[in-house]
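> Structure for this input, please:
(3 chains)
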Amino acid sequence: MPELPEVETIKLQLEKYIVGSVIKKLEIRNKKYEFDASKALGTRIIGIRRFAKQLSIDLENDYSIMIHVKMTGQLIYRGSKLKLNNLSKKVIGGLDGKHTHLIFHLNDGDLYYNDVRQFGWIKIIKSEELMRSSSAINNNFAPEPLKDLTLEYFFNLLSKSKRNIKVLLMDQSKIGGIGNIYANDALWLSRISPRRSASSLSLSETTELYEAIESVLKAGLKYGGASELAFVTPDGKEGEYQNHSLVYGNEGQICKSCKINRIEKFFLGGRGTYYCPECQK
DNA sequence: CTAGGATCCTGTCAGC
DNA sequence: TGCTGACAGGATCCTA
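Residues are numbered from 1 along each chain as shown, chains lettered A, B, ... in the order given. Modelled structure (predicted):
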């Protein structure tokens, strides 16, 4: 569920809360989240970056802590820059509970990593392994919408693939940052069926889809992400995009475009896929 | 190249 | 009330 807008929302808050702080202690409670903590101790956090759905916490000693929260990972801050406030009920088990796998103890606060399903991961690498300003990590990161994904690259990519357009949009090795929620909504907005073969899209359809992707991601950013499932921000609150989604999760509801047909759900590439059979061709 | 399934893991919810 | 099975979606790996 955390896709580009959700992870960007986390990034913006972490910049506010933990940049400038010093890591005093790393409390690793779950072996799945073990990494060489000695490389991070006593070091100041100098920046936060996002690469598609991954975060990097950049340290003064030229190491970076890389975090992927996958579907249910949560990074929540409490400290001098944010006192206790109302914690979302989506923080299952509470701020410091049985799903808390790692705590960054800072000089002026704590950053909790909670993850119910434990799909997320954390590791530490040399910062130089991350390129400074592009979205590419060791050339393994694909271009991202709103960053370095061009229409030319997008059209070329689609024209060479016979896969379902929705599955291709979510392929992180081809395009970074799009997940199930925004893929569904972008396809609905551009009136393209998720089942279409990518190479069957015309240039004008490709352009509409490209613009729809930017549009839904911007809406996601505006609303602070989608908290359909487990997403919460570092201040422990929820995003609002789920209250504004176009088609995702709307099975059985009247299509917001034609206002006649009902949204249908089926599985594509193993994921729940929502669409209007009349509007999306 | 492609599709599809299993895997990682636990909470929630529908149905009986 | 309590059990069972389906489902949630990010990413990787494996088979066909």
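
> near DNA strand B, which residues of chain A show up?
Taking CB under 7 Å from any atom of the strand, the part of chain A that reaches DNA strand B is made up of A:32, A:92-93, A:98-99, A:116-119, A:160-164, A:167, A:269-270. C-beta here means a position set from N, CA and C on the backbone, and glycine is covered the same way.

> PyMOL command for the buried members of those residues?
Selection of buried members from these for PyMOL, criterion 16 or more other CB atoms under 10 Å:
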select buried, chain A and resi 99+116+161+163+164+167
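
> Skipping adjacent residues, who's closest to residue A:168 in space?
Leaving aside its sequence neighbours, residue A:168 sits nearest to residue A:198 (CB to CB, 6 or more residues apart in numbering; 4.7 Å).

> what are the ranges of the helices in chain A?
A:4-17, A:151-159, A:165-169, A:180-189, A:203-222 (DSSP state H).

> could those helices go into TSV alongside mean pLDDT?
Output for the helices of chain A, formatted as TSV (pLDDT from 0 to 100):
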stretch	mean pLDDT
helix A:4-17	95
helix A:151-159	95
helix A:165-169	95
helix A:180-189	95
helix A:203-222	96
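
> which of those sits most buried?
helix A:180-189 (a mean of 27; mean count of other CB atoms under 10 Å).

> who touches the closest residue to residue A:151 other than its chain neighbours in this structure?
Leaving out its chain neighbours, the residue that sits closest to residue A:151 by CB to CB, 6+ apart is residue A:210, at 5.2 Å. Residues near residue A:210 by CB atoms under 8 Å, 6 or more residues apart in numbering: A:145, A:149, A:151, A:154, A:155.

> confidence score at the residue in the stretch 51-200 of chain A that DNA strand C sits nearest to?
Residue of the stretch 51-200 of chain A nearest DNA strand C, by CB to the nearest atom of the strand: residue A:179 (2.5 Å). With respect to pLDDT, residue A:179 scores 92.
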